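# fold the following for me, if possible:
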Amino acid sequence: MKAFIIKVIRHYRRALLQGFGDREYSYQRYLAALFGLIGSVIALVMGINSILIDLYVLAGALLAASFLLFLSFSLLISAKYVRYHNMMKYMALTALLSLGVYLIYSGGVSNSGPLWIYIFPSVIFAFCGLKVGIMINLIFSVILMVMLYTPNGYFLATLYPVAFKSRLVLAFLTTVALSAFYEAARHSSYLNMARLKAKFEQESQIDELTRLPNRRGMRKKLRAAYHKAITTNQVFTLAVFDIDHFKNVNDCFGHEIGDEVLKHVSDVLRNGLRKQDVLSRWGGEEFLLLLPDTNGEEAFLLLEEMRKLIAASHYDQANEAITITFSIGYCEMSDAASLSEMIHLADISLYKAKQTGRNKVLAYG
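From the prediction side, this is the model:
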């Protein structure tokens, strides 16, 4: 039985977390579904027990709650009824709170029914989050006190000792407060983890030296640009830059100066870009440039200007100016070429530019 319950919990937790993009949303749906399953089983067992001891009204309330909780569980785990998930969450919560009100009213078995309300605060916060959870818990606390302290027990079908009432209310409010602090801490931790994840995800897509997108980050941008171009019938051009004779810079001045040259080149290129262009460090001394909404003819004029800009710039090292030039190959988007093929074709034209004298811009074809 224990193994079966663990298997069910793991299965539906995995299904729900995979089924929703927002993990906080998934967390609440997962807990609502899990509670619906466990609550329906407990209510069913208690309902059957109430029938055996001739408490038929209590049995009816428990069996009705069991049915509603199981219905909410069934719909929450179904991807077919996503539009009903929020409604099912609140239906399960309503069934729970209604059962709690009835247990307070009737006393349950030997006036022990109200003791079940201690599970409500944590369940409510798990279902609804901090702000809505505080509001619902406070409303239920008011209902609890009105039922217990209305003169002559007007809203009660049983009698509770005064000491029991005060302890019940104080213990419930304490549970609400502790559950609220826990939920606030959990939510704060969740937000911090989300921020850290976003930060690390961003950092993993940025080249540490040049602060340009790296290959991983650029591939993400390329896929988005390719999809947009396909769906909107637009065109773009990809260009691959390679610093000419960069190995000589490293050999003559050292790798630290080579790194400074790369940063210098990155800054010069970045300043020469249009707002919509995206430059990345593709690897080593190679850069890849995305030119959205730009055909091959327009790209040649832009790339030629960038080549001249780099050639006119110098990196000064110990009173010696290091001249930097680029070879550039580019490829205009076509329906016949995939994204990987476009990069390959731009590489081929770059290789031809290097073979035919360097410091030039060549298109594929």
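# could you pull out the strands in the stretch 201-350 of the chain for me?
In the stretch 201-350 of the chain, the strands defined using DSSP state E, counting those that start in this stretch lie at 236-243, 278-283, 286-292, 314-317, 320-323, 326-332.
# need those in CSV (columns: mean pLDDT).
Converted to CSV, the strands of the stretch 201-350 of the chain look like this (pLDDT from 0 to 100):
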stretch, mean pLDDT
strand 236-243, 94
strand 278-283, 94
strand 286-292, 95
strand 314-317, 79
strand 320-323, 82
strand 326-332, 94
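# save those as CSV, and put in mean neighbour count and distance to residue 92 too.
For every residue, glycine as well, the C-beta is placed using N, CA and C. CSV is the format used below for those (neighbours: other CB atoms under 10 Å; distance: least, CB to CB, whole Å):
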stretch, mean neighbour count, distance to residue 92
strand 236-243, 24, 50
strand 278-283, 20, 47
strand 286-292, 22, 48
strand 314-317, 14, 67
strand 320-323, 13, 70
strand 326-332, 25, 57
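# which helices and strands sit right next to the strand or helix carrying residue 198?
Assessed by DSSP states H and E, residue 198 sits inside helix 162-203. Helix 162-203 sits against helix 120-149, with contacts defined as 3 or more CB pairs under 8 Å, 6 or more residues apart in numbering; DSSP states H and E.
# related to what we said a few turns ago, for the record, mean pLDDT for the helix holding residue 198?
Per-residue pLDDT over helix 162-203 has a mean of 88.
# among the strands of the stretch 201-350 of the chain, which comes closest to residue 180?
Nearest of these to residue 180, taken as CB to CB: strand 278-283 at 45.9 Å.
# what is the closest one packed up against?
Packed against strand 278-283 by the contact rule (3+ CB pairs under 8 Å, 6+ apart) you find helix 215-232, helix 255-271, strand 286-292.
# relative to the whole chain's centre, how far out is it?
Distance, stretch centre to chain centre, for strand 278-283: 26 Å (CA atoms, centre = their mean, to the nearest Å).
# may I have it exported as CSV, CA atoms only?
This file holds the C-alpha atoms of strand 278-283, laid out as CSV (Å, rounded to 0.1, in the frame of the first residue of the first chain):
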residue,chain,number,x,y,z
VAL,A,278,23.0,40.7,-33.0
LEU,A,279,26.7,40.0,-32.7
SER,A,280,28.2,37.0,-30.9
ARG,A,281,31.5,35.5,-30.2
TRP,A,282,31.2,32.2,-32.1
GLY,A,283,34.5,30.8,-30.9
